[in-house]
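Engineer: next come a sequence and a model predicted from it.
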Amino acid sequence: GVFQLDGGGMRTLLRLMRPDNFEDISAVGALYRPGPMGANSHTNYALRKNGQQPIDPIHPELAEPLAEILGTTYGLIVYQEQVMAIAQKLAGYTLGQADLLRRAMGKKKKAELDKQYVSFEAG
């Protein structure tokens, strides 16, 4: 038993996910948090992984541009690094700008997110 994976809810998710590689274990650790669980990303990941849910892109126009970034996570944003890579690819952010966006998202400060939205949309 690994203590991070030992709770009842986590075991239920792992049974649903049926991990078969280390990436799945890493993903479950990132997904079993209030934000992703609130968006049902943990269950969607498990269902998509096992072919029980279609892998729909975030937006049809973004399927191809984000395929490389989201391909290993079944079209879902699982990691903060993916947020940064998306900002760089879609909005032309530098790595530093992408990190500021990532931090703003993590802190959920509306004023900062609104400011970031203006920059993201312009890019």
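Structural biologist: Yep, that arrived. Residues are numbered from 1 along each chain as shown.

Engineer: how close does Leu16 sit to Gly75?
Structural biologist: 18 Å (Cβ to Cβ, to the nearest Å). All C-beta atoms are positioned from the backbone trio N, CA, C, and that covers glycine.

Engineer: quick one, which of the two is more surrounded?
Structural biologist: It is Gly75, of Leu16 and Gly75, that has more neighbours when counted by other Cβ atoms under 10 Å, with 21 against 16.

Engineer: might you report the residue contacts of the more buried one?
Structural biologist: Gly75 sits next to Arg48, Ile55, Asp56, Pro57, Ile58 when contact means Cβ atoms under 8 Å, 6 or more residues apart in numbering.

Engineer: mind running it again at 10 Å?
Structural biologist: By Cβ atoms under 10 Å, 6 or more residues apart in numbering, the contact set of Gly75 is 44-45, 48, 53-58, 62-63, 66-67, 69.

Engineer: for Asp99, same thing?
Structural biologist: Counted by Cβ under 10 Å, 6+ apart, Asp99 has contacts Gln80, Val83, Met84, Ala87, Tyr93.

Engineer: looking at the residues you listed, state which has the most neighbours.
Structural biologist: Result: Ala87 is most packed of the contacts of Asp99 (other Cβ under 10 Å), 24 neighbours.

Engineer: my read: that residue touches Phe120, true?
Structural biologist: Yes: using Cβ atoms under 10 Å, Ala87 makes contact with Phe120 at a distance of 6.6 Å.
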